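> Sequence isn't available, so here's the structure alone:
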């Protein structure tokens, strides 16, 4: 569980971006590459402590591996007018 406010903000940015990328047609391999790049950038900038980056990476890959996060929501069916 993430507890640092800055780490949680990064997690929210990553997961929002992942869902947006999924809806635009990107798939798991591309999502993983995105996360790898984001994590590498955090490591190079020393924006977070190494243990926080490790926890963020674990939580993000757990998010990617849960298929319910990327299910397409069904479109509402139009109501049939019986008049």
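Yep, it's here. Remember, predicted model here, so these are calculated numbers, not experimental data.
> what number of residues lie near residue 71?
9 (other Cβ atoms under 10 Å). To be clear about C-beta, it is placed using only N, CA and C from the backbone, and glycine gets the same treatment.
> repeat for residue 31
21.
> same thing with residue 13?
Counted with other Cβ under 10 Å, residues neighbouring residue 13 total 11.
> Okay, and it sits in which element?
Per DSSP states H and E: residue 13 is located in helix 5-23.
> do residue 40 as well
helix 28-45.
> One more: residue 79?
Counting by DSSP H and E, residue 79 is part of no helix or strand.
> residues of the helix holding residue 13 that come out buried?
For helix 5-23, the neighbour count (16 or more other Cβ atoms under 10 Å) marks 7, 10-11, 14-15, 18, 22 as buried.
> Looking at those, which is nearest residue 51?
residue 7 (9.9 Å; Cβ to Cβ).
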